[in-house]
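Undergrad: show me the folded form of this:
(4 chains)
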Number of protein chains: 4
Amino acid sequence: MEGKHNDDVIGRARVQDTPELEAYYKELETLGAGALWTVANDIEPWEPRTSSVPMLWKYDDLRDLVLKSSELVTPEKAGRRVVYLVNDKRKDVSAAVGWLYTGIQVTRPGESTSAHRHKASALRFIMEGEGGYTVVDGNKITFEVNDFVITPNSTWHEHGVAENGKTCIWQDGLDIPLVNALEANDYAVFDGKQPLETPINYSPITYGGSSGLLPSGQKWDKPYSPLFKYAWKSVYPALVEASKIKEVSPFDGILMNYSNPLTGGHVMQTMGASMQLLPAGFKGKAHKHTGSFVYQCAKGKGYSIIDGKRFDWKERDIFCVPSWALHEHVNLSETEDACLFSFNDLPVIEKLGLYQEQNYTENNGFQFI
Amino acid sequence: MEGKHNDDVIGRARVQDTPELEAYYKELETLGAGALWTVANDIEPWEPRTSSVPMLWKYDDLRDLVLKSSELVTPEKAGRRVVYLVNDKRKDVSAAVGWLYTGIQVTRPGESTSAHRHKASALRFIMEGEGGYTVVDGNKITFEVNDFVITPNSTWHEHGVAENGKTCIWQDGLDIPLVNALEANDYAVFDGKQPLETPINYSPITYGGSSGLLPSGQKWDKPYSPLFKYAWKSVYPALVEASKIKEVSPFDGILMNYSNPLTGGHVMQTMGASMQLLPAGFKGKAHKHTGSFVYQCAKGKGYSIIDGKRFDWKERDIFCVPSWALHEHVNLSETEDACLFSFNDLPVIEKLGLYQEQNYTENNGFQFI
Amino acid sequence: MEGKHNDDVIGRARVQDTPELEAYYKELETLGAGALWTVANDIEPWEPRTSSVPMLWKYDDLRDLVLKSSELVTPEKAGRRVVYLVNDKRKDVSAAVGWLYTGIQVTRPGESTSAHRHKASALRFIMEGEGGYTVVDGNKITFEVNDFVITPNSTWHEHGVAENGKTCIWQDGLDIPLVNALEANDYAVFDGKQPLETPINYSPITYGGSSGLLPSGQKWDKPYSPLFKYAWKSVYPALVEASKIKEVSPFDGILMNYSNPLTGGHVMQTMGASMQLLPAGFKGKAHKHTGSFVYQCAKGKGYSIIDGKRFDWKERDIFCVPSWALHEHVNLSETEDACLFSFNDLPVIEKLGLYQEQNYTENNGFQFI
Amino acid sequence: MEGKHNDDVIGRARVQDTPELEAYYKELETLGAGALWTVANDIEPWEPRTSSVPMLWKYDDLRDLVLKSSELVTPEKAGRRVVYLVNDKRKDVSAAVGWLYTGIQVTRPGESTSAHRHKASALRFIMEGEGGYTVVDGNKITFEVNDFVITPNSTWHEHGVAENGKTCIWQDGLDIPLVNALEANDYAVFDGKQPLETPINYSPITYGGSSGLLPSGQKWDKPYSPLFKYAWKSVYPALVEASKIKEVSPFDGILMNYSNPLTGGHVMQTMGASMQLLPAGFKGKAHKHTGSFVYQCAKGKGYSIIDGKRFDWKERDIFCVPSWALHEHVNLSETEDACLFSFNDLPVIEKLGLYQEQNYTENNGFQFI
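TA: The predicted structure is shown next:
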């Protein structure tokens, strides 16, 4: 796309420096001011511009190090025992891509964290283990591999693994960088463990028992989903059924959003999440859009081409797609489907009116590598 | 409640007739006018006032007659082969209660109706048979006993039973009386059968596969649910699970609403519907509220006391509760749960700001019969 | 329109009576049931069908009688001293058209009513006098001729005229017939006068000071407009300005809705209201739509043709247009504009998905009289 | 507030470095990863943390330089002839505070800019001159001193001053830094001047003629206000009237929001704006909240104390209040009111669930300087 736009046109800044202007600029600077035309073309790009690069984190590389953290530090001392993944170009804000943070947390049987809360929102995608649970505002939720769990902004939350469970590893996703950038984050620690206020799994049983079935007289008034867990055991069959009858998106296969059953919208105010199924042999076309994405392969193997570079992934690998980066996904198996979990900042992008997308039209829609 | 309110107070009309006034009234009448105080107390009642009476329609009485209709008339001649249930006090508007219509429709294997549409909305609750289906705006939906299906206002719809099916009987619910009263109904016939525009069961597979899972990029902009079927095979287990952990309502047991997964609201603009489970031995307390309700027992047996009168019901029986009528429900089994399907005009009542409820406080909440 | 639709088609009921069927119908009747095909064509009309007739109430005829009521009864005895206008075909429900009630109320200097409230909503349009006021939930609002004032459902309200004022006459509009039909009305009397809870005209000053200017931090959570008065002194100039630059509707001239400044929607949940300006010489075309309308001429003179019949009106005359009635408005002056106030049940019609309209296409859009 | 929070508690990271851990951190770094506990306390602050400092830009200092720009560069070459105001701590993103940009633009009689558009939104507050106008998506809007005008995201816009006008100076406010940070900005130039698609001032006449009066049948479906101008000549009197009857906020005097008349919400998706009146002698108390603010004094003189530092302002001075900075406003006149215009990023903060506020409780609510 380079070179497509030309700044030497009416409507762009095209002022040549002169000694007089340079003196003028210096005078402005002493007053906390500047001449717009000296920065305009830079701060008003022709197209969306990201500061992140595409990256892939291979689970084979990271798993041992993640487990090792459980020998090196205790949850008590670490707060949370997490290895976080950081974009080469976003180290200053500890982001994996854009303004999104992600990390891999490990908890051993019998361990649990203390409860805390923050204005940042959080989500989990379960990678390994048995007997894991989270407690969100007094609701204890048990989870299994490939389940998706939310802990919305300002809810008290803590996690743990049952004594008779197996070491659990999950991916955390948070909007910490965004909320910090918006100068609005906060933090509080709960004094001790949260008392359970509802029966175990109250939220998924009450709000997730059957599609479209909601408790009468419910008074939920929070700006996020009352459904805190989306279980793989019903999500995956739903995707498989849909793949039999629905038109497959040339870009995304069968892409379904986890949604708030009271609004049909994103699960939380700042982050959305999806699960997509790439049918056996699927070879997606490229497009780009605003919004930053972190993916985890939940099933199968394949690769994605992101801004012209190929990233091969298999189950548990994590990768990111920056805003406005061209991307296409391929399932490498001709017999098995592949599934990609992802989370994003689309609620922000959409609510602020900043979403746009563009299909790649060259080479029949496939990027050159 | 009679006698509780006294019209002989400031703020009510208390004018005594005089010859002068009577002459005045006559003069007004010639001009298409009247004196408000002659009718005010009547048109401004102290409490909501219904013109319907509670009624029960026993399926044992009706079933043979319903089946007989399939010998007496063809769907082609009848339009729809339906026995409708009419309230003793609402015969003038063909309503079962308030402004709601209900009927029992029978279709034999291989039969199908022609397609039509109307501003009135419709819903079905399946009572008997196999191989039944409905086609709504080109979506063919198959259904089974105790499934709940909608055909919203102004959608083309038709129904049928597969050649190799078994005679199907279902309850129709419509708001025809309401839409007529609001002077807004219309009707059109489709020229022939609707062409199928989507694969079979596209709607329930796409929008009902897993709670909170919605197709990405969906553009549904209709004012009713995109989910056209709510299947008993997932609704009933959800109620059972909820009954284990949720607080049971003293009035309604475990009451869940069929809802629009994109809004969390009612399935259609003018009618809502619910399924409720009365646990074994449940003995509900009495309350009353605005809104008219038609019930069908989907499972078990019990009775309801409505404005002081007992109505015993079992599977497939239909009964109604008028607006502001006191009602309480009882499950007669000590070992089996009972389930009541119901539909209502709550969307109308709620959107117009007319909902109110009142618990019965005498006799510990149980009506005297 | 008669004869346009033919019931002798597939999709309509076309069953011929036989002795066997007649016996069947009798048997159904004993069970509180009937055969749908015996009533289907009647309850499912091809097009919206009204039970009201167009009517005009001339103020010249009514004014003396209205004033006379102030000699015949006191507000204390009458509750409210109102002459109500009733449609020849809706006397059973005391409606002026459809489910809308209207009346003309007179209050003399120094008089005031007691406070009451009801689930029905009310509005006023001021016809004559000085020093009138209403008190709505503790907000005292003063008004002048051609002001529009609301007293939403379940608000306490009372009216009066200052000692030094002049006899006030205003039109009341209520949805009493609708709320009764929906079996949801109620009534309560306030014990004495309402205490004033805010400074006089708090609502119009706070919410109506300048278009688009709203108090910061306001927490209004009621389902109706916080702006209780729309003053003619700013409404009329706005219409005049708009008439200079806006395209004039061929049906309605310059038609503006009174709206809730927090939603842009109707002022109340069940009734909407508008003011329209017919430019000098305006000769409107005919169309029809669902929804019932009551008009009052606020300025000028002209006529309306409603379902083929001409009704001549001038300032203060009141007339109605039933649902689906063809109507066209004409300003008889070639030099002065004319203004029509109207209120309607469009919020009901729209929220329930029942709005439709149709332009008259014969004779270049003008009805034959 | 320093020192209030202690990181040496359960729930915060308290891991001591060891040689083993340092080796571990290095290994993680090679994989694009890190240990969360090494950064957690920094990225999860106890309270919102801003990177901006409070600043004041005095118009007496800037005015000559702004006018000088009109001699140094042409609009054609500069794109827009603007002196922008930049926060000492936000020079990297050209922001005045937080993610908000502001500048002062000058246009001479007969000059006009070319049209362009961008995903960033813009607003103007008029400071000087006569005959100025803006054209937004084909709507030409004339403006006067202290008027507030919007040019929402992705609308084509251009500005100018009539030949017979006087040099106009106005403040621009944009969310360019925010939209860049969210990696979503774009830019396009219009080929030539926009054709006018509506009569002059169509928007304010149509949508702003009288409070609560909206054109019937309008179909506005844009996510921002259809009202593009809020005129001082009606805004100021409304504030004065409100100040006579409304309770004065101890923090903000009489604070009114410019709002979208169709929603009651902010005028645009990313920026809100307000006008506030500080009554004569008003001495506000201190509070703090999330969200960044840029102020301009529209009338009178006074000072604000921001995070303990006093900033004296008079008409046309501009200053900023960063997120979570304590601030209090004082009117220095005992006889004249003072008015502050402000714009902010509250739509972002609110939609993402990030708003919080805290009153200052020491010293009776007044900061120590």
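
Undergrad: how close does the closest residue to A:Q269 other than its chain neighbours get to chain C?
TA: Nearest residue to A:Q269, sequence neighbours excluded (CB to CB, 6 or more residues apart in numbering or on different chains): D:G353, at 4.3 Å. All C-beta atoms are positioned from the backbone trio N, CA, C, and that covers glycine. D:G353 sits 18 Å away from chain C when distances are taken as CB to the nearest CB, to the nearest Å.

Undergrad: let me see the contact set for D:G353.
TA: By CB atoms under 8 Å, 6 or more residues apart in numbering or on different chains, D:G353 lies in contact with A:K119, A:N153, A:S154, A:P223, A:Q269, A:T270.

Undergrad: can you report how many residues lie near A:G253?
TA: 22 (other CB atoms under 10 Å in any protein chain shown).

Undergrad: got it, and A:E44?
TA: A:E44: 22 neighbours (other CB under 10 Å).

Undergrad: before we move on, what about the one 3 residues further on?
TA: Other residues near A:E47 number 17, with proximity taken as other CB under 10 Å.

Undergrad: hmm, back to that, tell me the one of the contacts of D:G353 nearest B:H159?
TA: Nearest to B:H159 among the contacts of D:G353: A:P223, at 41.1 Å, using CB to CB.

Undergrad: any idea which helix or strand carries that closest one?
TA: For A:P223, there is no host helix or strand (DSSP states H and E).

Undergrad: now do it against D:T335, distance only.
TA: 46 Å (CB to CB, to the nearest Å).

Undergrad: so which residues make contact with stretch A:226-237?
TA: Contacts with stretch A:226-237, where a contact means CB under 8 Å, 6+ apart, come from A:134, A:136, A:139, A:141, A:143-151, A:201, A:203-204, A:206-208, A:218, A:220, A:256, A:258, A:260-262, A:267, A:275, A:298-299, A:339, B:209-213.

Undergrad: and for stretch A:259-267?
TA: A:123, A:150, A:152, A:207-208, A:212, A:214, A:220, A:224-227, A:257-258, A:272-273, A:346-347, B:211-214, B:259-264.

Undergrad: try it again with 6 Å
TA: Around stretch A:259-267, the neighbours that count as contacts under CB atoms under 6 Å, 6 or more residues apart in numbering or on different chains are A:I150, A:Y207, A:S225, A:L227, A:Y258, A:G272, A:P347, B:G212, B:L214, B:L262, B:G264.

Undergrad: how far away from the center of its chain is that stretch?
TA: With CA atoms, centre = their mean, to the nearest Å as the basis, stretch A:259-267 stands 17 Å off its chain's centre.

Undergrad: now do stretch A:268-279
TA: 8 Å.

Undergrad: what do you get for stretch A:234-250?
TA: For stretch A:234-250, the distance to the chain centre is 22 Å (CA atoms, centre = their mean).

Undergrad: out of the contacts of stretch A:226-237, which are buried?
TA: Buried members of those, scored by 16 or more other CB atoms under 10 Å in any protein chain shown, are A:134, A:136, A:139, A:141, A:143, A:145-151, A:201, A:203-204, A:206-208, A:220, A:256, A:258, A:260-262, A:267, A:275, A:298-299, A:339, B:209-213.

Undergrad: next, the residue nearest to A:Q269: secondary structure please.
TA: Here D:G353 is recorded as coil under DSSP: H, G, I helix; E, B strand; the rest coil.

Undergrad: tell me, how many residues neighbour the residue in the stretch 1-150 of chain A that chain D sits nearest to?
TA: Using CB to the nearest CB, A:G11 is the residue of the stretch 1-150 of chain A that sits closest to chain D, at 3.3 Å. Burial of A:G11 is recorded as 20 neighbouring residues (other CB under 10 Å).

Undergrad: with adjacent residues omitted, what lies nearest to it?
TA: That would be D:V189: by CB to CB, 6+ apart, it lies 3.3 Å from A:G11.

Undergrad: quick one: the helices in chain A, in order.
TA: A:19-30, A:40-43, A:59-72, A:75-78, A:176-181, A:202-207, A:232-245, A:346-351 (DSSP state H).

Undergrad: tell me the mean pLDDT over the fourth one?
TA: In this model, helix A:75-78 has a mean pLDDT of 87.

Undergrad: got the buried residues for it?
TA: Buried residues in helix A:75-78, defined by neighbour count with 16+ other CB under 10 Å: A:P75, A:A78.

Undergrad: how about the helices of chain A in JSON lines, adding distance to D:F368?
TA: JSON lines is the format used below for those (distance: least, CB to CB, whole Å):
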{"stretch": "helix A:19-30", "distance to D:F368": "30"}
{"stretch": "helix A:40-43", "distance to D:F368": "38"}
{"stretch": "helix A:59-72", "distance to D:F368": "46"}
{"stretch": "helix A:75-78", "distance to D:F368": "39"}
{"stretch": "helix A:176-181", "distance to D:F368": "29"}
{"stretch": "helix A:202-207", "distance to D:F368": "47"}
{"stretch": "helix A:232-245", "distance to D:F368": "57"}
{"stretch": "helix A:346-351", "distance to D:F368": "38"}
